[in-house]
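# give the three-dimensional model of this entry:
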Amino acid sequence: MSQSIINLNSEPVGQGRERICYEHPQDTSKLIKISNTGINTQPKREINFYRKLEKKGGIEYTHIPRFYGHAKQPQ
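Numbering: from 1, shown residues only. Below you'll find the model as predicted:
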């Protein structure tokens, strides 16, 4: 698996209680969500939801955002 670093130099497009959202610098149709609390409850819940949908097969992404994967923040 190849790793690359994504530099987020822009202002956030949104901020919630647990995460800050940035526009992906190489693909403006995608967002990057970063935890601002260190608590990963919501992302884990979302990832489990997507995995359940994938197991069912035939996911319609007309009403939910597409999940492209998760990344770790550099230490």
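# only C-alpha atoms for contact and neighbour calcs from this point on.
Noted.
# what's the offset of the helix or strand bottoming out on mean pLDDT in the chain from the middle of its chain?
None of the helices or strands of the chain scores lower by mean pLDDT, DSSP states H and E than helix 41-56, at a mean of 84. In this view, helix 41-56 has its centroid 12 Å away from the chain centroid, taken as Cα atoms, centre = their mean, to the nearest Å.
# and the contacts of that helix?
18, 59, 67 (Cα atoms under 8 Å, 6 or more residues apart in numbering).
# narrow the residues you listed to those in strands?
Counting by DSSP state E, no part of the contacts of helix 41-56 is found in strands.
# got the contact list for the residue nearest to Ser35 when sequence neighbours are not counted?
Nearest non-adjacent residue to Ser35, counting by Cα to Cα, 6 or more residues apart in numbering: Arg19, 4.3 Å away. With contacts taken as Cα under 8 Å, 6+ apart, Arg19 has the following neighbours: 33-37.
# try 7 Å this time
For Arg19, the contacting residues are 33-36, taking Cα atoms under 7 Å, 6 or more residues apart in numbering as the criterion.
# what does the closest residue to Glu11 other than its chain neighbours show for phi and psi?
Nearest residue to Glu11, sequence neighbours excluded (Cα to Cα, 6+ apart): Tyr22, at 7.1 Å. The phi and psi values for Tyr22, taken as degrees, to the nearest 10, are phi -120, psi 150.
# and for Ile5?
Torsion angles at Ile5 (phi, psi; degrees, to the nearest 10) stand at phi -100, psi 130.
# and for it, the neighbour number?
Ile5 has 9 neighbours, counted by other Cα atoms under 10 Å.
# what do you get for Arg66?
With neighbours defined by other Cα under 10 Å, the count for Arg66 comes to 12.
# sounds good, over and out.
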